[in-house]
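*Asks:* Here is the input, now give the coordinates:
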Amino acid sequence: MRLLDVQAVLDREKDIQRTDPETEVLKDLDDKTTRYAILSHRWGTEVSYKEITKLLKMTGRKRDEVRQRDGYQKIIKSCEQAMKDGYKWLWVDTCCIDKRSSSELSEAINSMYRWYQNSQVCYAYLGDVEESSFPSERNNNKFSKSRGWPEWFVRGWTLQELIAPKRVEFFNRNWMCIGNLRRLASALEKITRIPANILGHGLTSERPSIAQIMSWAADRQTTRVEDRAYSLMGLFGVSMPMLYGEGEKAFQRLQLEIMRASNDQSIFAWDPYGRMPRYGNVLADDPSYFQDCSDIQKVESDQFIDKLTGYVQLHELSDHESESEWRQAAHSQQMPGFVATNAGIQIWLPVIPYRDYPSVFKVILACSDSDGNLITIDLASRGSTYDRSFNATEIRNTYPLFRRLHITYSPDANETPCHLTIDDRGASCHGFTRRSTFPREIINDTVTLSSRTNDLVVVVYANDDTRSRFAIGFGYFSGQGWVHVAHDERFPTQEGHWLDLDRKVYDVMWNARAQHPLRNEPGNNNRSRYDNFVKHAHLPQSIWAARVVWGRWDEGNLKVMVDVEQCPGCCVGPLEWTATYNDRDGLDIPGLMKTVHNSHGLKLDNLRVQLDECSGQRISLGDYGDCSNGNFKRHGNIFEDMPTLDIDPTDTANCPVVFRVSGDEDLPIYLPNQSNLAVTSHKGGNHLVLYHPIGLSIPNNQQLMLQLKALSTRLIDKYLVTTVIHCSEFYVVDSRGKLRDTKAPALKTYSRITETDLYTPLCAIASPQVWRREPACAHRREQFKSIREHFFDLVNMNRRTTDEAIRFFSDMFGLEALGKYTGKIEFFEKLSLMRKSESPRESSEDAAKVCWCTVRNRRF
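*Replies:* Numbers count the residues shown, from 1 in each chain. From the prediction side, this is the model:
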């Protein structure tokens, strides 16, 4: 391993102007025979191998910039601490590995656990701790991004850096020692869920199960997805090549490597309580699936049959007469090992079939919880292999029989998952932001749901200022996709409570997943003709409503729009849906939109789009207004409105997007000089020949999306010009390429741009989804109207209608039924006294009399 020469680094820093540029600060040494200190830290602005070795050969400005970095100061402070502790050598991952060499990086990652294990001391630098003592209590305000603890405890690589070294000392931001591993073992156990004896003596003292070690990494994160697997190799004593870019496959490879070295069946025990049900592959997707496995222990093969016998007796699966015969057979069939083959993982396991699902089996693993109960999982037969399954009901009253199984350990190549792209920029306009997701994270605003299993992902949104929140569930059940909105009247006081909400909503939605699917969407003619569907859920005790718009599930890839709008309350409920229209393809535009009157086809940057003629009108990109029967009436322009909304129209991000225009290659029309022109495809055979065409479209960015949202209040049901085509000249031809002059002159009259001497013959006019409002629920509107009228009569004590109003509200609140338990309720009789009182004191006395009348008549 390559180590820093502590003395050389400090001498160079002390007199950097006079130090020989050829001075070496790194040296290759044997980690087994060298006494050295090692640094564990959270990365920031670090110093690379090249920079630490070439520091003296840099220009003065560049050298000063490197020396001012936090990473450089960590190296100097670590060397000073090592010198103070009597160590001549120090290892720091940022500068002791030449990451330009992939082979050196791979060797270092495979050796890193051993390097930390062989070090004399590990300096754990907690850069976000300023206090002079170790943080013993969770602080969600100070460490809001790391679940209430210093960030060092939520990073993936620091797990092995905590367990492997013989001695760990913790330092705060100012390099003051705030404790060591042995003294802080109990506090660290609370933070990391790693038993104190493991922290004190390492993995060699008492080897935990695979599932338990995985549980320690369940909440930890890494910058690269692959590092969630690579950072665990040393803890399991395995090695494998680094393949950055493979994504979650790295964790699959890690589990296969572990199986080659161990017969511990707890590797299959992820999600033992069904909190994160994922069907198919029997291997977990990432360490988070082992969240609930901190108490799982391996059961050795010589003890398994005894444990299995106890399981049989506990669940009354035996008749006692044949138990000895079954035990003898179980001993002979037990095969502790397993191997990965091209047909799946081959393993012998005891199975019990389910009563109502003959193809689903409860499988008993050779591992148990802290109470000694054996862990079971469900497997579903799928031809010659078995998939992980969940939520079957009652097993048969029969002995578990050992069976050789081939269980799936790689994703199904024939699976066609459904990808949901979430566009929630409209929600942020009113301060609602995405807070948490469960059971897995959303990557690049995309949710992927399995098409062959039951699946569910919950996303939570909240607004701190209005203290409102809601959750959206995206699910798949029995071949049908579904979307559901849930809200919670309680608002969390701490950041950690978001996790509680998403898990609670997940449990509720998962239990009701059979009721949520849109069963009739593909088959019902009234629904299948719509492109999109809308769910609108009013948030209680607020003026807000969550609005989710999604497309048809049978399209495969969906764009889902999550919006928040003001709502008077006369909306449909969250279990109901309304239909709407939106385009499923086209240009990348801000939010969902529906184009109208698309008679001409062109390609913009090889993407096929539909446009219409600008006949009878002069149109510019960004115009908005009314559109009826092909006639567009301009009311304004979004680019002209930008300054009023503090948006800079000259910013390149807010300028129109320019596209290269081309015609339909399959159109059988030959024209000379086709490199300078494009021919549209037209349904009626009136094709436009465009000379030097240029396509312009509105940009798709956060600023414009928020602008459309801000304009939505006064532009309800208006239309927007999203795309225009400019050209220097155009004319009309038929399908054989012959000129048609009857239509072009009139079109040219209105499409001419006098300032630029260009024409705008084509455009796309669309209805933005954020500008659309579904009609209010007529039933609720009538209810609100009736409530207002009766309340007016009640407040004004109109003798003619007061009795009717009292009956109305008594029926609404069930006061007659309530009176059977509380006695006569005299609120309405006393209301007039309360209103006629002259002073607050009199009002209070009358209110007290009302309360006393109610209590006096209460029946106990």
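*Asks:* Who does the closest residue to V657 other than its chain neighbours form a beta bridge with?
*Replies:* Leaving out its chain neighbours, the residue that sits closest to V657 by C-beta to C-beta, 6 or more residues apart in numbering is S697, at 4.8 Å. Where C-beta positions appear, they are placed from N, C-alpha and C, glycine not excepted. Here S697 sits in beta bridges with V657, T723, as judged by DSSP bridges.
*Asks:* my read: S697 touches C655, true?
*Replies:* No: checked against C-beta atoms under 8 Å, the pair S697 and C655 is beyond contact range at 10.9 Å.
*Asks:* where do the strands sit along the stretch 301-450 of the chain?
*Replies:* Secondary structure of the stretch 301-450 of the chain (DSSP state E, counting those that start in this stretch): strands located at 338-341, 344-353, 360-368, 374-382, 385-389, 401-407, 418-423, 433-438, 446-449.
*Asks:* Quick one: closest of those to N180.
*Replies:* strand 360-368 (33.4 Å; C-beta to C-beta).
*Asks:* quick one: strands adjacent to the closest one?
*Replies:* Strand 360-368 is paired, per DSSP bridges, with strand 297-298 (antiparallel), strand 344-353 (antiparallel), strand 374-382 (antiparallel).
*Asks:* That strand - what's its average pLDDT?
*Replies:* Here strand 360-368 scores 91 as its mean pLDDT.
*Asks:* quick one on the thing from earlier: between S697 and C655, which has more neighbouring residues?
*Replies:* Shown here are S697 and C655; by other C-beta atoms under 10 Å, S697 has more neighbours (22 against 13).
*Asks:* so what's that one up against?
*Replies:* 587, 589, 604, 621, 656-657, 659, 722-723 (C-beta atoms under 8 Å, 6 or more residues apart in numbering).
*Asks:* mind running it again at 7 Å?
*Replies:* Residues near S697 by C-beta atoms under 7 Å, 6 or more residues apart in numbering: 587, 589, 656-657, 659, 722-723.
*Asks:* Which of those residues sits closest to G636?
*Replies:* Looking across the contacts of S697 and measuring by C-beta to C-beta, the closest to G636 is T722, at 15.0 Å.
*Asks:* Who is T446 paired with across the strands?
*Replies:* Going by DSSP bridges, T446 forms beta bridges with T421, I443.
*Asks:* packing partners for the longest helix seen in the chain?
*Replies:* Of all segments of type helix in the chain, defined using DSSP state H, the longest is helix 778-796. Under the contact criterion of 3 or more C-beta pairs under 7 Å, 6 or more residues apart in numbering; DSSP states H and E, helix 778-796 touches helix 799-813.
*Asks:* mean confidence for the helix it packs on?
*Replies:* 72.
*Asks:* for stretch 193-210, same thing?
*Replies:* Mean predicted confidence for stretch 193-210 is 86.
*Asks:* got the buried residues for that stretch?
*Replies:* 194-196, 198-199, 203, 208-210 (16 or more other C-beta atoms under 10 Å).
*Asks:* okay if I get the residues you listed as CSV plus distance to Y230 and secondary structure?
*Replies:* Listed next are the buried residues of stretch 193-210 as CSV, based on distance: C-beta to C-beta, whole Å; DSSP: H, G, I helix; E, B strand; the rest coil:
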residue, distance to Y230, secondary structure
I194, 20, coil
P195, 24, coil
A196, 27, helix
I198, 21, helix
L199, 23, helix
L203, 18, coil
P208, 20, coil
S209, 21, coil
I210, 17, helix
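*Asks:* between the residues you listed, which is closest to I395?
*Replies:* S209 (24.8 Å).
*Asks:* so that closest one touches D295, yeah?
*Replies:* No: counting by C-beta atoms under 7 Å, S209 does not reach D295; the two are 9.5 Å apart.
*Asks:* Let me see the contact set for the most centrally placed residue in the chain.
*Replies:* The C-alpha lying nearest the average C-alpha coordinate of the chain belongs to I442 (C-alpha atoms, centre = their mean; 2.5 Å). By C-beta under 7 Å, 6+ apart, I442 lies in contact with 422, 459.
*Asks:* quick one: it from R435, how far?
*Replies:* Counting by C-beta to C-beta, to the nearest Å, the separation of I442 from R435 is 12 Å.
*Asks:* coming back round to it: which one of the strands paired with strand 360-368 lies nearest to S239?
*Replies:* Of these, nearest to S239 by C-beta to C-beta is strand 344-353, at 20.7 Å.
*Asks:* hey, where'd the strands end up in the stretch 1-150 of the chain?
*Replies:* Going by DSSP E, counting those that start in this stretch, the stretch 1-150 of the chain shows strands at 2-5, 26-28, 36-40, 89-91, 121-125.
*Asks:* Give me whichever of the ones you listed is most buried.
*Replies:* When you average the neighbours per residue for each of the strands of the stretch 1-150 of the chain (mean count of other C-beta atoms under 10 Å), strand 36-40 leads with a mean of 26.
*Asks:* What angle do strand 121-125 and it make with each other?
*Replies:* 20 degrees (axes from the mean of the first three to the mean of the last three C-alpha atoms, to 10 degrees).
*Asks:* average pLDDT for strand 36-40?
*Replies:* 96.
*Asks:* Does anything pack onto that strand? Which helices or strands?
*Replies:* helix 70-85, strand 89-91, strand 121-125.
*Asks:* now it and helix 70-85, what's the angle there?
*Replies:* Using the same axes, to 10 degrees: strand 36-40 against helix 70-85 is 150 degrees.
*Asks:* List the pairing partners of strand 36-40 within its sheet, with orientation.
*Replies:* Partners of strand 36-40 in its sheet, by DSSP bridges: strand 89-91 (parallel), strand 121-125 (parallel).
*Asks:* Just send the ones you listed back as a markdown table, with distance to D424 too.
*Replies:* Shown next, in a markdown table, are these (distance: least, C-beta to C-beta, whole Å):
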| stretch | distance to D424 |
| --- | --- |
| strand 89-91 | 44 |
| strand 121-125 | 37 |
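*Asks:* Out of the ones you listed, which is closest to M335?
*Replies:* The nearest among the strands paired with strand 36-40, by C-beta to C-beta, is strand 121-125 at 41.5 Å.
*Asks:* Determine how far the next helix or strand after that closest one lies from the middle of the whole chain.
*Replies:* Using DSSP states H and E, the next helix or strand after strand 121-125 towards the C-terminus is helix 158-163. Between the centre of helix 158-163 and the centre of its chain there are 27 Å (C-alpha atoms, centre = their mean, to the nearest Å).
*Asks:* With stretch 184-199 instead?
*Replies:* 30 Å.
*Asks:* Renumber starting at 304 from here on
*Replies:* New numbering, starting at 304: the last item is stretch 487-502.
*Asks:* And that stretch, end to end?
*Replies:* 9 Å (C-alpha to C-alpha, to the nearest Å).
*Asks:* V761 is in contact with D805, isn't it?
*Replies:* Yes: V761 is within contact range of D805, at 4.9 Å (criterion: C-beta under 7 Å).
*Asks:* more crowded one of the two?
*Replies:* Set V761 next to D805 and count neighbours by other C-beta under 10 Å: V761 wins out with 25 against 21.
*Asks:* wait, is the more buried one part of a strand?
*Replies:* Yes: per DSSP: H, G, I helix; E, B strand; the rest coil, V761 lies within a strand segment.
*Asks:* residues touching it, list them.
*Replies:* 740-741, 774, 776, 805, 808-809, 812.
*Asks:* separation between it and S414?
*Replies:* 41 Å.
*Asks:* With Q423 instead?
*Replies:* Counting by C-beta to C-beta - Q423 and S414 are separated by 17 Å.
*Asks:* what does D834 give?
*Replies:* Distance from D834 to S414, by C-beta to C-beta: 56 Å.
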